[in-house]
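Trainee: predicted structure and sequence below. I'll ask about it afterward.
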Amino acid sequence: MDAEFITEKIIAATNEVFETMLFMAVEPSEPLGDGQIKDRIDFSAYIGISGKINGIVGVHCRVALVEAITSTLTESESEDELIDAWAEIVNMVAGNLKTHISSQVDTFELSVPTVIAGHEFRIVNRGSKSSFPRIILPFVADDEYVFYVDVLYCNQ
């Protein structure tokens with residue numbers, strides 16, 4: 001599976017989650033050419049994938065988007081609720097990505113999500129090379145919130 005195919009499926013999966021489950025309009029941008037997120041990130045969530053495709057799916061953003069999503073899903077915005085909501089977002093995006101890709105072939109299983117919350121951290125994936133391509137797609141939700149969907153993958 002080539003990068004163009006994966007990119008198309010990331011966009012479809014992300015749109016479905018945000019528009020259907022969160023009632024937020026999203027607009028994708030061009031993939032980041034240098035493979036690095038330059039914006040400040042407050043929340044990152046990752047989920048591992050393994051099978052005919054191996055790698056990770058990540059979703060990264062500022063705290064304002066997580067707060068907006070959490071208020072849609074729950075009545076509380078405690079730190080635990082923020083973390084749970086962001087874990088659920090990566091789980092839904094990765095699950096939808098699996099559904100879109102698996103329409104061609106049963107491709108992978110998902111791990112449990114991991115959430116990183118804090119300020120001033122960098123995201124560095126050392127596996128990103130020709131054997132493990134990385135696609136980082138910026139999105140804007142509701143014309144306000146920038147977030148990134150990050151897929152590092154290897155075909156088996």
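Mentor: Looks like it arrived, so ask away.
Trainee: so which strand or helix has the residue most central in space within the chain?
Mentor: The residue lying closest to the centre of the chain (Cα atoms, centre = their mean) is residue 59, at 3.0 Å. Using DSSP states H and E, residue 59 maps to strand 53-61.
Trainee: need the contact list for residue 80.
Mentor: Shown in contact with residue 80 (Cβ atoms under 8 Å, 6 or more residues apart in numbering): no residues. From N, CA and C alone the C-beta is placed, and that goes for glycine too.
Trainee: wait, a helix at it?
Mentor: Yes: per DSSP: H, G, I helix; E, B strand; the rest coil, residue 80 lies within a helix segment.
Trainee: residues contacting the residue nearest to the centre of the chain?
Mentor: Shown in contact with residue 59 (Cβ under 8 Å, 6+ apart): 44, 45, 86, 89, 90, 93, 147, 148, 149, 150.
Trainee: and residue 65, which helix or strand is it part of?
Mentor: Assigned by DSSP H and E, residue 65 falls within helix 63-73.
Trainee: counting contacts, what elements does that helix pack onto?
Mentor: strand 43-51, helix 79-102, strand 145-155 (3 or more Cβ pairs under 8 Å, 6 or more residues apart in numbering; DSSP states H and E).
Trainee: show me how far the last one is from its chain's centre.
Mentor: Its chain's C-alpha centre lies 5 Å from the corresponding centre of strand 145-155 when counted by Cα atoms, centre = their mean, to the nearest Å.
Trainee: quick one: buried residues of that strand?
Mentor: If you call a residue buried by 16 or more other Cβ atoms under 10 Å, then strand 145-155 has these buried ones: 145, 146, 147, 148, 149, 150, 151, 152, 153.
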